[in-house]
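Participant: this is a predicted model, with the sequence first.
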Amino acid sequence: MQETLIKVGSAVALLAFYIPFLVIMTRSVGAKSGRRHFYRSLKNIFEREKDNSKAIDQISIIYRQVSENNTEFSKKYRTPIDICEDLLSRATGFTSFVFKLHYSLSFTPEEISRLADIVKSIETEMPFISLSPKYGNQLEMLKLAYTSNDVDLGSNGLKQLAKDIKFLESTIENQERKNRTSTWVSVIGVILTIVFGAVSIFQVYASSPNL
């Protein structure tokens, strides 16, 4: 009976630890696979295309293709700017040897500078690209109202934006409450798992005959 309790307690403890661990690792591997694909494609674009405007068009296509085929990548990087900025951070934060060890390629200082210029160009031409399509379209409408001096269009756009911001704030508050509850449930679950395992082991040793 005691051995059965130990086996059950050990199995529960292992599952409580390794299932979340495996989920996190799977997500990490999926995102890294997408990064490797994007980096390799970007390297080929830089070697083949010298015109930045044409390179931007190709980068957008590659980003869309990788996102459609890799869910974890699309969750982590919502826009081409996100993955390009991530690349800039990794390429400048790691040594060339470490970066090449992880991704089997490297970028020259000139390519890194060119990527920074491309990111700046995208942000200048499409300042709302990092936002969701819904809010990006709303801001584009407000920009159009400003440039065309359309007061009615601008007023309606501001009213709609105010409603959406209010709804978004309410959603964030509700999500924060749910996250706090989930955290406490997880902590209590881990504590109970540890206690259960410890009690099971104690019972076995307590019932064992003294040598």
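Facilitator: Noted; the coordinates are in hand.
Participant: domain map for this protein?
Facilitator: Annotated domains of the chain cover 22-130, 133-211 [automatic domain parsing].
Participant: worst average pLDDT in these?
Facilitator: Here the domains of the chain differ in mean pLDDT, and the lowest is domain 133-211 at a mean of 75.
Participant: just how off-centre is it within its chain?
Facilitator: On the basis of C-alpha atoms, centre = their mean, to the nearest Å, domain 133-211 sits 14 Å off its chain's mean C-alpha point.
Participant: got phi/psi on Ala91?
Facilitator: Ala91 adopts backbone torsions of phi -70, psi -30, taken as degrees, to the nearest 10.
Participant: right, I mislabeled it, should have said Phe107
Facilitator: According to degrees, to the nearest 10, Phe107 has phi -110, psi 140.
Participant: re the thing from before, tell me which of the domains of the chain sits most buried.
Facilitator: domain 22-130 (a mean of 15; mean count of other C-beta atoms under 10 Å). Just so you know, the C-beta spots here come from the backbone N, C-alpha and C atoms, and that holds for glycine as well.
Participant: residue nearest the middle of the protein, spatially speaking?
Facilitator: Lys76 (2.3 Å; C-alpha atoms, centre = their mean).
Participant: in contact with it: list those residues for me.
Facilitator: Ala31, Gly34, Asp82 (C-beta atoms under 8 Å, 6 or more residues apart in numbering).
Participant: likewise Tyr39?
Facilitator: For Tyr39, the contact set (C-beta under 8 Å, 6+ apart) comprises Leu87, Tyr103, Leu105.
Participant: as TSV, these with distance to Val151 and secondary structure would be great.
Facilitator: Below are those laid out as TSV (distance: C-beta to C-beta, whole Å; DSSP: H, G, I helix; E, B strand; the rest coil):
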residue	distance to Val151	secondary structure
Leu87	43	helix
Tyr103	52	helix
Leu105	53	coil
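Participant: ok, so of those, who is nearest Thr147?
Facilitator: Lowest distance from Thr147 to the contacts of Tyr39 (C-beta to C-beta) belongs to Leu87, with 33.5 Å.
Participant: roughly how far apart are that closest one and Tyr77?
Facilitator: 10 Å (C-beta to C-beta, to the nearest Å).
Participant: how about Leu158?
Facilitator: Taking C-beta to C-beta, one finds Leu158 at 31 Å from Tyr77.
Participant: tell me where the protein has helices.
Facilitator: Secondary structure of the chain by DSSP state H: the helices cover 2-48, 52-69, 71-76, 80-93, 96-103, 109-125, 133-148, 151-207.
Participant: so what touches the fifth one?
Facilitator: Just to be clear, that refers to helix 96-103. Lys32, Arg35, Arg36, Tyr39, Arg40, Arg90, Ala91, Phe94, Ser106, Phe107.
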